[in-house]
Structures are given as structure tokens and as C-alpha cells.
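> quick check, what structure comes out for this input:
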Amino acid sequence: MAAPLDDMFSLCVDPGKVASCVDVRFIDNIKGKGLFARRSIKKGETIFIERPLVSAQFLWNTLYKYKACEYCLHALETAEENARRLSGIPGLSLPHPELCRVRPELHQACPQCQVMYCSSECRQAAADQYHQVLCLGSSQEDPDHPINKLKDAWRSMHYPPETSSIMLMARMVAIVKQAKDKEHWQKLFSHFCNRTANEEEEIAHKLLGEKFRGQLALLHSLFKAALYDEHLSRWFVPEGFRSLFALVGTNGQGIGTSSLSQWVHACDAFELPAQQREQLDSFIDQLYKDIEKETGDFLNCEGSGLFLLQSSCNHSCIPNAEASFPDNNFLLHLSALSDINPGEEICISYLDCCQRDRSRHSRHKILRENYLFVCSCPKCISQMDELDVTSEEEEEEEGEAEGETEGDEMEDEMTDV
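Numbering: from 1, shown residues only. Down below sits the predicted model:
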């Protein structure tokens, strides 16, 4: 049973205003639902801001000491601490530290397990929603605790760059276990798209690799041992667990937060005399070179979440909207990339900028492998006469990237298709 339309706007900031701006409509049995404009939307306008139904930081990300609020994923490091760790320069000082918005004095730890939150409000929200079930107390570092066994098994199967997390599923279970109205939460989770058995296997294969069947069985066993609940018995049988796994793998939207990135954006907007501007820009350019040399591409505190309204956005290779996280936490901002007319569908892209510039055949290959659909957006239709071959340059790029970036394509915008 799908969530009622009223629920679709329930996690947005100012739901009434959003409901007057957009609506969710059923399109057809292939595309399912879509998000449409109810009024004119101008380029650059924020269409809505939405918090996730559930979210979690990636498990390898945590091990790499990317410190984030356990609830909202807000970066807990100051921009200077972030820059020092990523660059490997312990004595680094950032100019204009006042532009960093991280407030360490507000941070709070769970009294039992010591996981950190950015504020007392986040600590309380986590406790009210799911943390009573998932708090490990003094067993936080115990490798034999059932939840730690589940985490370790996931890390051994799903390596960076991460695209999903078993803990997103664990929090879904914990939320229902703690909820007074369990049926309400199950209805909200049932809103996200379902897959056929074959499609679910394809998604598991993509996330876990060639040995996915055995690994899925192990994860199922550990998941059941750690979290079983009779109200959710259908999620704990093998078929139900596979469906839940595919739901998270298909609908999870990547979330990236970074106090350093936020500081850089604040610097960009800071008014300075020309010479000081040149010096600051030069400093930032050198900092990113140092970070690339020391750390590579892993710059953000990363995780994923399930967003009710955003999950209604379909893909287009020429999107008219994009999702971002400018508040340095899990709040998703959907913004217009172009003017959008009343009645027009609002689409995001599941591909990054470089992928969108590739041939129609290459784009379709990525979308089929990662999202199990064939794109019929205006750009793809206009290129229907192209040969269904990948260019030599793209073949070479794919060959070079295949060994080390399997799963990259799913990283940023895994969402409902």
C-alpha cells in the first residue's frame, strides 16, 4: 500500500507551501509516479527542502574518522580540523575561521554509548526515533555484539566508494520497533518503489559483487540475529530481506556534508579587496591540491537517506532540477536548474555531469546496470538514430575505471526510478 499523498509532503519544511507548488502524479506502469509543477518555478528557485524519513552515515566513512552527527550527519569537525586531517598538515591555519559555522560547544554524546550529536535536539530526536533500540552502551567496541558483527560483515562486502549502508535498514527496523503507531511507519516505508525478484537480485549483485547470494544470506542471518521483531516478520524472511535490501539500494539518496566545503563557499561569497581575494583564492587552490595528494576524492562525511517527496523525481539526461545539501546536514534542497512551467514534470539526473555528456548508448548502459530502466527523456529520443555503440574513447575510460570504481555510478543520486 502506497503512502497517502498527504504524507508525501509531511517531511518538507513548510508542507503547505510545497503542496501548492508541486504535486505527485501517476504517469504509467513503467515510470510509475512523477513530480510536477503546479505553478511557474524560476531558475535558481528552491522548490522544496525536505528531511529524510531515515538516514545513516556510511560505515567505512566512520572508520576513516569523518566525524558527523549520528542523527543529521552535520559535520562535527571545524573547517580547520577538517582541512588539517584531509591535507595531512597538522599545523594548518585557515584564514577567516569566523566563516566556519560548526559549533563544538553544542555537541553532545549519548551518555550510554558515547556516539556524538551536533546538538541536544539531535540527540533527543535520535533517542525518540531509533537509538533506544540501536544503542550499544558499553558494548560499543565489542566485536561480538550482534550489531557490530552485522557492521563488520557489511564492511567486508561493500568497499568504498560506498553507495549504501546496512545501517539504513537497521534504522528502519529500529524506528518501527520504537514507534507507537507501527502501522503508520510501515505505510511510509511501503511508499518507496518495489522490484521484481529478478530486479532485486540484480541490485544485490551490483552492491555486493559476484558472490552476492552467499553474502546476502549471511547478512540476512546477522540482521535477523541482531534486530528481529515479530511486527516486522515479513522483513526477516529471506524474500522480505532481499526486498528491503533492494528498496534501500534503489531509493537511497546520497548525502554529503563538509565543514570545509561550507567554509569555502562562505569565502567565495565574502567581499574582499582584489589583492586579498587573489591571495585567498590561491590559498584555497593550494589546499585542494594538498588534499588531493594526501586523501584523494574522499572529502565529505557521507551517508544516504530515504526522502519521501524527492523519491518521486524521475530521471532525465537534461534535468531541470538538482538536489544538494547546502546546510551541511541531511536537509535536501531541490532547486530549479531552469525555468519550469505549470504542468511540467520536475526531473533530476541520476548521472553526474561527465556521464550526461557521454553518448546515448553509454548513458543507457549506466542507467540499465544501476537503475534497471531505459531512459526515454527528450535528449535520448532526439539521439535515437545514433549507433548503439560506445565510442573508443569511452571504451578506454570504462576499461580503466572498471576495476577500481565499480559502483561509482550509483553513488550520488540513488533514488526512486
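
> now do the contacts for Ala174.
Ala174 makes contact with 129-134, 227, according to C-beta atoms under 8 Å, 6 or more residues apart in numbering. The way it works is simple: take the backbone N, C-alpha and C, and place the C-beta from them, glycine included.

> so which helix or strand takes in the residue nearest to Leu134 when sequence neighbours are not counted?
The shortest distance from Leu134 to any non-neighbouring residue, by C-beta to C-beta, 6 or more residues apart in numbering, is to Ala174 (5.1 Å). Using DSSP states H and E, Ala174 sits in helix 166-178.

> now the next helix or strand after that helix and helix 166-178, what's the angle there?
Downstream of helix 166-178, the next assigned helix or strand under DSSP H and E is helix 182-190. Counting by axes from the mean of the first three to the mean of the last three C-alpha atoms, to 10 degrees, helix 182-190 lies at 150 degrees to helix 166-178.

> now do the phi/psi pair for the nearest residue to Ile41 once chain neighbours are set aside.
Distances taken as C-beta to C-beta, 6+ apart put Ile340 closest to Ile41, at 4.1 Å, once the chain neighbours are dropped. Per-residue torsions, Ile340: phi -120, psi 130 (degrees, to the nearest 10).

> wait, what's in contact with Ile340?
Neighbouring residues of Ile340 by C-beta under 8 Å, 6+ apart: 37, 40-41, 320-321, 346.

> report how many residues lie close to Pro189.
One thing to correct before we go on: residue 189 is Phe, not Pro. Phe189 has 20 neighbours, counted by other C-beta atoms under 10 Å.

> contacts only, for it.
Residues in contact with Phe189 (C-beta under 8 Å, 6+ apart) are 53, 172, 176, 247, 306.

> with Pro378 instead?
316, 318.

> okay, which residue is most central for the protein?
In the chain, the residue lying closest to the centroid (C-alpha atoms, centre = their mean) is Gly254, at 1.6 Å.

> tell me which element it falls in.
strand 253-257.

> next helix or strand past that strand?
Following strand 253-257 toward the C-terminus (DSSP H and E): helix 259-269.

> identify each buried residue in the helix or strand that that following helix is followed by, please.
As assigned by DSSP H and E, the chain's next helix or strand after helix 259-269 is helix 274-294. Neighbour-count burial for helix 274-294 flags 280, 284, 287, 290-291 (criterion: 16 or more other C-beta atoms under 10 Å).

> and the furthest pair within these?
Leu280 and Ile291 (16.5 Å; C-beta to C-beta).

> nearest to Met167 among the buried residues of helix 274-294?
Ile291 (27.0 Å).

> you'd agree that closest one is up against Leu86?
Yes: Ile291 lies in contact with Leu86 (C-beta atoms under 8 Å); the separation is 4.5 Å.
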